[in-house]
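S.K.: Following is a predicted model, sequence given first.
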Amino acid sequence: MFGRLSEKLQETFRRLKRKGKLSEKDVDEALREVRLALLEADVNYRVVKNFTAVLKERAVGAEVFQSLTPGQQVVKIVHEELVKLMGETQSKLASADNPPRAVMLVGLQGSGKTTTAAKLARFLKSSGSKPLLVAADVYRPAAIEQLEILGKDLSIPVFSYGKDDPGKIASLALKHAAAEGNDYVILDTAGRLHVDEQLMDELARLKAGIKPVEILLVVDAMTGQDAVNVAQAFHEQLELSGIILTKLDGDTRGGAALSVKAVTNCPIKFVGLGEKIESFEPFHPDRMASRILGMGDVLSLIEKAQSVVDEEKSRALEKKMRSQTLTLEDFLEQLQQVKQMGPIEDLLEMMPGFQKAGKGLKNLSVDDKQIVQIEAIIKSMTREERQRPEIINSGRRKRIAAGSGTAVQDVNRLLKQFDQMKKLLKKVHSLEKGKTKKHKGLLPF
Amino acid sequence: MLEQFKKGLLKTREKFVNRLESLFSRSEIDDLFFDELEEILISADVGVETTIKITGMLKERLKDEKIKERSTAREVLKKLLVEMLEDDGQSKLASAPHPPAVYLVLGVNGVGKTTTIAKMAYRYAQEGKRVLLAAGDTFRAAAIEQLEEWSRAVGVGMIKHQAGGDPSAVIFDAVNAAVARQVDVLICDTAGRLHTKMNLLEEVKKIYRVINKVLPGAPHETLLVLDATTGHNGIAQARLFGEAVPVTGLILAKLDGTAKGGIVLAVKDITGIPVKLIGVGEKKNDLQPFDAGHFVEALLDVK
């Protein structure tokens, strides 16, 4: 995520780095690139304008650190201001004092409210809460059924009351929650346009009736310039308490995050990273800023691994990934864990240096059906073969294919993929090593 | 800094409005004129690359035609943008030499595929055509039920399998049913998918192959639905879906908000895929043929 933006900024700063001193002209040139990159990332035009103005004021100003190169200095400033703009600390969900307390999810049609409601409920459940989902979208066909199915899959209760008035549904849901001992009551409201006065009034009335502890705007990360208008309108009408950014697992640069934050000053609390219900995590503004600047996000990766595999395993996994002593057995185990963590591209993308090393990674993407096949193939190998795949000759390949019910081509493909992955990890590893050697981990430039 | 920011935003906003009013009313063409034009285009999500290209082309034309007044420049610009969007009057959906005409509808999650399909079905049904829908989104919870509710509301038939089934199998049955029942139009819904998920694009390829195998020459249109609020990512969507299967047209959904949907200019410019239909509301008759002239007018209308 934000991949190309960080590439772009790095490119600019690489050029800057070679010069000895930061002149106004340098700053202008760098900021021109920053401006274009931010616009291409869909940060709102006006937000970009203000942002670069602030940057310029700081960059061509007094704050000169002797220990930094000019490039590092600009990066430092851009990084700091990005962090400031996105919110300096991680923002948690307000606690449900005097439960049950309502959490309203609002947003445009198709921003991902229903899926997000289920994801948030799962997240809260896994951290010890007892959430109740409420189907308050009474307009979109089958929206209620959708939430009911999602709730059932997660074993989280869903309250629905047909296509009645959302205000009535919500207050009945709160009563139900009080009786059942639920703490958070998550309302999935209907998608609506911010210019639809009637439906916006409906939300305002709903809010007044249930006094929610959170009103979260769900924003599609692929949104363009209009994000500011949407966020502003929802904020004016409802006084939002936070933002959830969805669909960040694509290749969008997600500049809408900056725009929305700038106009509402509401913290981004969570991000959605895929269609799987567990692809959901708290938003880390500082890490996100680092990610924009290409520092990768090893922390996020490790945290993710920890939540699905036990700590010891994840440490061993990380060590193996770094030391490249990966065997096919590890590969299998890893694939199974990865299945729980989300697409492997996402994981690798969080690692520093990946963006440069990761070209052509598309061949590496793996889906669940493939994982079953891969599992069968690896299980049809002898232990020795798993540990030293290079001994697998054509005779062995035939045997493995027959044993796993696959074709020799499938076996070949797996061995090739495994080889590619090892090479990639090696590349990532050496990039990382080179970087820390040169700069002692100060900044990635 | 946020305070500073907010103040700045307010100021820029005031300035913005004032300037937009003046863009085509002040008389002479100067650098400011092009700055303002850039602002309008970027703010409408036309995209950085295409905006730079458009201002460059406009500069050249104004020079060639020795135009000095803003009002004339506006006309030149409009003409330029319409030319970029127009597709030799091909904004009508292709018909099949022998019915059924098969339309395959694709898009990322949440762009409005299902609603768009309902509107298309309604439109054809109103024209007296026999319409069949294929519930090809077997992945998302209650997607089949959603299309089914629409099919009842609009009064057309629908072919479905169970949730979690193979979408190609549903489509296979639907195409066969469309032929057997001699319907005029078959519209195939598909699950929303990000264009970056290779395995899901493979699935689209398979669906396309299945349609083509059952009915050579079909699908007669492969339509990508874009959300009008989408920014630059729309380009990547069109490019990658277009690499997977031959996308023949765009449907620009959700144009009833404040978003201008300018990204279709970039998509057309870069991939050549034209816009065919626009969605302007949630009701079943809120679907219109794309009109480049009206679209450009709205794009440049900055109030």
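M.R.: The structure has been received and is ready for your questions.
S.K.: check contacts around residue A:160.
M.R.: For residue A:160, the contacting residues are A:134-135, A:144, A:147-148, A:169, by CB atoms under 8 Å, 6 or more residues apart in numbering or on different chains. Where you see a C-beta, it was placed from the backbone N, CA and C, and this is true even at glycine.
S.K.: right, I mislabeled it, should have said residue B:253
M.R.: By CB under 8 Å, 6+ apart, the neighbours of residue B:253 are B:111-112, B:115-116, B:225-228, B:278-279.
S.K.: Please identify which pair of the contacts of residue A:160 lies farthest apart.
M.R.: Spatial extent of the contacts of residue A:160 (CB to CB) is set by the pair A:148 and A:169 at 13.5 Å.
S.K.: intersection of neighbour lists for these two?
M.R.: With CB under 8 Å, 6+ apart as the test, residue A:148 and residue A:169 both reach A:135, A:160.
S.K.: higher neighbour count, those two?
M.R.: residue A:169 (24 against 18; other CB atoms under 10 Å in any protein chain shown).
S.K.: For the more buried one, pull up the helix or strand it's in.
M.R.: Applying DSSP states H and E as the criterion places residue A:169 in helix A:166-180.
S.K.: which element follows that helix toward the C-terminus?
M.R.: strand A:184-189.
S.K.: Which secondary structure elements does the helix holding residue A:169 sit against?
M.R.: strand A:132-136, strand A:158-159, strand A:184-189, helix A:197-210 (3 or more CB pairs under 8 Å, 6 or more residues apart in numbering or on different chains; DSSP states H and E).
S.K.: Any chance of these in JSON lines with distance to residue B:203 and mean neighbour count as columns?
M.R.: Shown next, in JSON lines, are the helices and strands packed on helix A:166-180 (distance: least, CB to CB, whole Å; neighbours: other CB atoms under 10 Å in any protein chain shown):
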{"stretch": "strand A:132-136", "distance to residue B:203": "29", "mean neighbour count": "28"}
{"stretch": "strand A:158-159", "distance to residue B:203": "29", "mean neighbour count": "24"}
{"stretch": "strand A:184-189", "distance to residue B:203": "28", "mean neighbour count": "27"}
{"stretch": "helix A:197-210", "distance to residue B:203": "35", "mean neighbour count": "15"}
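S.K.: In TSV: the ones you listed, plus mean pLDDT and distance to residue A:46.
M.R.: Conversion of the helices and strands packed on helix A:166-180 to TSV gives the following (pLDDT from 0 to 100; distance: least, CB to CB, whole Å):
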stretch	mean pLDDT	distance to residue A:46
strand A:132-136	98	34
strand A:158-159	98	41
strand A:184-189	97	29
helix A:197-210	96	23
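S.K.: how about those, which one is nearest residue A:51?
M.R.: Nearest to residue A:51 among the helices and strands packed on helix A:166-180 is helix A:197-210; the distance by CB to CB comes to 29.0 Å.
S.K.: in the stretch 151-300 of chain B, what residue is nearest chain A?
M.R.: Closest to chain A within the stretch 151-300 of chain B is residue B:231: 2.6 Å, counting by CB to the nearest CB.
S.K.: Next, count neighbours for that residue.
M.R.: Residue B:231: 33 surrounding residues under other CB under 10 Å.
S.K.: ok, the nearest residue to it once chain neighbours are set aside - contacts?
M.R.: Leaving aside its chain neighbours, residue B:231 sits nearest to residue A:224 (2.6 Å; criterion: CB to CB, 6 or more residues apart in numbering or on different chains). Counting by CB under 8 Å, 6+ apart, residue A:224 touches A:42, A:256, B:45, B:229-234, B:259, B:263.
S.K.: try 10 Å this time
M.R.: A:42-44, A:252, A:255-256, A:259, B:42-47, B:227-234, B:259-263 (CB atoms under 10 Å, 6 or more residues apart in numbering or on different chains).
S.K.: how about it, phi and psi?
M.R.: phi -90, psi -140 (degrees, to the nearest 10).
S.K.: Please report how far it lies from residue A:178.
M.R.: Using CB to CB, to the nearest Å, one gets 42 Å for the distance from residue A:224 to residue A:178.
S.K.: Assign a three-state SS to residue A:243, would you?
M.R.: Look at residue A:243: counting by DSSP: H, G, I helix; E, B strand; the rest coil, its state is strand.
S.K.: now residue B:88: how far from residue B:274?
M.R.: Taken as CB to CB, the span from residue B:88 to residue B:274 is 9 Å.
S.K.: re earlier: would you mind writing the CA trace of the helix holding residue A:169 as PDB?
M.R.: Extracted in PDB, the C-alpha atoms of helix A:166-180 (Å, rounded to 0.1, in the frame of the first residue of the first chain):
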ATOM      1  CA  PRO A 166     -33.800   2.500  11.800                       C
ATOM      2  CA  GLY A 167     -34.300   4.600  15.000                       C
ATOM      3  CA  LYS A 168     -36.800   2.000  16.300                       C
ATOM      4  CA  ILE A 169     -34.600  -0.900  15.300                       C
ATOM      5  CA  ALA A 170     -31.600   0.700  17.100                       C
ATOM      6  CA  SER A 171     -33.400   1.400  20.300                       C
ATOM      7  CA  LEU A 172     -34.900  -2.200  20.300                       C
ATOM      8  CA  ALA A 173     -31.400  -3.500  19.700                       C
ATOM      9  CA  LEU A 174     -30.000  -1.600  22.700                       C
ATOM     10  CA  LYS A 175     -32.700  -3.000  24.900                       C
ATOM     11  CA  HIS A 176     -31.900  -6.500  23.500                       C
ATOM     12  CA  ALA A 177     -28.200  -5.900  24.200                       C
ATOM     13  CA  ALA A 178     -28.900  -4.800  27.800                       C
ATOM     14  CA  ALA A 179     -30.800  -8.000  28.400                       C
ATOM     15  CA  GLU A 180     -28.200 -10.200  26.700                       C
END
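S.K.: Okay, buried residues for it please.
M.R.: A:166-167, A:169-170, A:173-174, A:176-177 (16 or more other CB atoms under 10 Å in any protein chain shown).
S.K.: same deal with stretch B:49-66?
M.R.: In stretch B:49-66, counting by 16+ other CB under 10 Å, buried: B:50-51, B:53-55, B:57-58, B:62.
S.K.: So which residues lie in contact with it, not counting its own?
M.R.: By CB under 10 Å, 6+ apart, stretch B:49-66 touches A:36, A:39-40, B:29, B:33-35, B:37-47, B:67-69, B:72-73, B:76-77, B:79-81, B:83-84, B:232, B:235, B:262-263, B:265-270.
S.K.: Would you mind putting the CA coordinates of that stretch into PDB?
M.R.: Provided in PDB are the C-alpha atoms of stretch B:49-66 (Å, rounded to 0.1, in the frame of the first residue of the first chain):
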ATOM      1  CA  GLU B  49      -1.100  12.700 -16.300                       C
ATOM      2  CA  THR B  50      -4.200  13.400 -18.400                       C
ATOM      3  CA  THR B  51      -4.600  16.900 -16.900                       C
ATOM      4  CA  ILE B  52      -1.100  17.800 -18.000                       C
ATOM      5  CA  LYS B  53      -1.800  16.400 -21.400                       C
ATOM      6  CA  ILE B  54      -5.100  18.300 -21.700                       C
ATOM      7  CA  THR B  55      -3.600  21.600 -20.700                       C
ATOM      8  CA  GLY B  56      -0.700  21.000 -23.200                       C
ATOM      9  CA  MET B  57      -3.100  20.200 -26.000                       C
ATOM     10  CA  LEU B  58      -5.300  23.200 -25.200                       C
ATOM     11  CA  LYS B  59      -2.300  25.500 -25.200                       C
ATOM     12  CA  GLU B  60      -1.300  24.300 -28.600                       C
ATOM     13  CA  ARG B  61      -4.800  24.700 -30.100                       C
ATOM     14  CA  LEU B  62      -5.200  28.200 -28.700                       C
ATOM     15  CA  LYS B  63      -1.900  29.100 -30.200                       C
ATOM     16  CA  ASP B  64      -2.700  27.600 -33.600                       C
ATOM     17  CA  GLU B  65      -6.100  29.200 -33.700                       C
ATOM     18  CA  LYS B  66      -4.700  32.500 -32.300                       C
END
